[in-house]
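1. Let me see the structure of the following:
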Amino acid sequence: AAVLTTTVGGKKAVGKPEVSAVWLLVGVFSAALFKFGQLSLRIFKGMIEGVVSIGKYAIGGTPREGWLYGGVATSPALLGVGWIIGPRIASFVFVGGLLGWVIILPLIALVGGLPVEAKTPLDGIYMIWGNQIRYIGVGAMLVGGLWTIWTLRSNLASGIHEAVLGMKKGAGAESKKRTERDINLKTVFLLIGLITIPIFLIYIWISQMYVLSGFMAIYAVLFAFIASAIAGYMAGLLGSSNNPISGVTVAVLLVTSLILFAAGIGVEGMAIAILIAAVICTGAAISGDVLQSLACGQMIGATPKKQQIMEIIGVVFAAPVIAFVVQMLDNAFVIGSKDLPAPQSFLMAGIVKGILGGEMLWPYVIVGAVLAFVLILVGLPVLPVAIGIYLPFTLSIPIFTGGVIRHFTNKVIEKKYGSAEEEEISDWELAIKQTDIKPKEKAIRTGLLLTAGFVAGEALMGVIIAALYSLNIHIELFPSGQEPWWPALLVWGYLGALLLYIPMREILGKKA
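-> As a prediction, the model looks like this:
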């Protein structure tokens, strides 16, 4: 919407400051070039990390050595993510990283020593992270997701109630007003029925159980409706970025796994449980996104029915492309590795393996769950901290750095205009605001465009590089592992300075 209102869709307000979408392009090209130089040309490292010894100690009469890990991923996208989510959430992610990597991991390494199969201390640190710390993060995320559902229970019930009321209202005659026309509900239910058939066939192909597959197909569609209603309501209430999609999916996955376990279905039911969760999670994610699109369309006078038809067409064409891209990324970088940690995916797999496969490392999960309860008792948000524990520490640092840059921007706004939060307006509402844009609003809006460009540029270049790898095309200037680190830090630091300066110049009234 910000792009539409600053380019083709916006009307220029006389005497009011405009926000140029050129900053989106600046962000895209800057991040894409950085990613290409780092991951394809390999002219500098994307990850700067190291392990140092902090002394030798006798633990229970056994000599042990203490180790401390540190590092940073020079990622423009993560810098942008930190700026977008703000200093508060970014700091909680950083706190989680400190807990996992600076406190818990060194204690495990000190008491139990590094794994004997580790060739270097750095390898040993990552082995402890993969086999122990990540499961502590899983336990914390599990409790955090369920706690999120509990705290939002009234809003979630309201979402379902609103969806039922909407269905009743939609059963009447089609609105004559163009901007209020939706797809006919009969058509919607027909499409739902048609999409249930391939879901049923896929479940049969996976499980070879006809009755179970039929029940689970209906179960998946029913809960997808509930999850979509919740996500749509929350998108309107808090914005799609604040949707409890992971929490809803975790809750459904727990219930599904327990149902399958009670039915005596073990390992063979794991794939079905994940596929059910995939249907529900996808429905919830798309629902929040579609509601945001419809809200944007309403702002610029679009016809909802046409938007909905194009959303359906978009899903049909995007689904096979997404599957191909995900497979390509997995082949190039390995999903679940330190390069693509995918915390929610690891959490979902862990739940299913733990209940149906008996593979969960429960002691570490329980430690994480207890830690989550402690965070709840002291009033801290669990999920950001849990994600910080789970993620490689190198990813928490750039997120925190982006949050710090946003903090400085907010402080300058407060100094000049009294408060960065003077008006109750969210980043998303600000992005679609078309007229009467004040300098402080223009600064935040400019920052949103630039950081969105950072995220999009790095993501798109990552896909392009994965495609080159799949075609066995390598254009490396340095062998992997021998790249210099200091150019990455310099360029990344420059992008951070740019992120600080560009929004700031709008506040201070400077020209480019």
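2. okay, which residue of the chain is out on the far edge from center?
-> Relative to the average C-alpha location in the chain, and by Cα atoms, centre = their mean, no residue lies farther out than G61, which sits at 45.2 Å.
3. Run the chain-centre distance for stretch 133-150.
-> Computed by Cα atoms, centre = their mean, to the nearest Å, the chain-centroid distance of stretch 133-150 equals 15 Å.
4. What residues of that stretch count as buried?
-> The neighbour-count check on stretch 133-150 (16 or more other Cβ atoms under 10 Å) flags 133-149 as buried. Every residue, glycine included, has its C-beta placed from N, CA and C.
5. Now E65: phi and psi?
-> Summarising the backbone geometry of E65 under the convention degrees, to the nearest 10, its torsions are phi -120, psi 130.
6. do A342 as well
-> According to degrees, to the nearest 10, the main-chain angles of A342 amount to phi 50, psi 70.
7. which non-adjacent residue is nearest it?
-> Counting by Cβ to Cβ, 6 or more residues apart in numbering, I335 is the residue found nearest to A342 once chain neighbours are left out, at 5.2 Å.
8. isn't the one you found right next to L329, touching?
-> Yes. Between I335 and L329 there is a contact under Cβ atoms under 8 Å: 6.6 Å.
9. Mind checking which of these two has more residues around it?
-> Higher neighbour count among I335 and L329: L329, with 21 against 16, using other Cβ atoms under 10 Å.
10. which residues sit in contact with that one?
-> 335, 340, 462-463, 466 (Cβ atoms under 8 Å, 6 or more residues apart in numbering).
11. chain center to whichever strand or helix holds it: distance?
-> Taking DSSP states H and E as the definition, one finds L329 inside helix 304-333. Going by Cα atoms, centre = their mean, the spacing between the C-alpha centre of helix 304-333 and its chain's C-alpha centre is 17 Å.
12. and that helix, what's its mean pLDDT?
-> In this model, helix 304-333 has an average pLDDT of 87.
13. Okay, helices next: where are they in the stretch 201-350 of the chain?
-> Using DSSP state H, counting those that start in this stretch, the helices of the stretch 201-350 of the chain run over residues 210-238, 245-262, 270-300, 304-333, 343-352.
14. which stretch of helix or strand covers E359?
-> E359 belongs to no helix or strand, assigned by DSSP H and E.
15. Number the residues from 22 up from this point.
-> With 22 as the first residue, the last one maps to E380.
16. ok, and the closest non-adjacent residue to it?
-> With Cβ to Cβ, 6+ apart as the criterion, E380 has its nearest non-adjacent residue at 4.1 Å, and that residue is K374.
17. Next, count neighbours for the one you found.
-> Summarising burial for K374: neighbours were counted as other Cβ under 10 Å, giving 16.
18. G58 now?
-> Neighbours of G58 using other Cβ under 10 Å come to 19.
19. May I ask you to confirm that it belongs to a helix?
-> Yes. With DSSP: H, G, I helix; E, B strand; the rest coil as the criterion, G58 is located in a helix.
20. ok so, going back, in ChimeraX, select just the buried ones from the contacts of L350.
-> This is how ChimeraX selects the buried members of those, with burial counted by 16+ other Cβ under 10 Å:
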select :356,483,487
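21. Now do stretch 235-247: distance to the chain's middle.
-> When distances are taken as Cα atoms, centre = their mean, stretch 235-247 is centred 25 Å away from the chain's centroid.
22. which parts of it are buried?
-> When burial is assessed from 16+ other Cβ under 10 Å, stretch 235-247 yields the following buried residues: 237-238, 240-242, 244-247.
23. Rebuild those residues as CSV, extending it with pLDDT.
-> What follows is the buried residues of stretch 235-247, written out as CSV (pLDDT from 0 to 100):
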residue, pLDDT
M237, 88
A238, 90
Y240, 89
A241, 89
V242, 88
F244, 84
A245, 86
F246, 82
I247, 80
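24. average model confidence for whichever strand or helix holds S179?
-> Applying DSSP H and E as the criterion places S179 in helix 174-191. Per-residue pLDDT values over helix 174-191 give a mean of 67.
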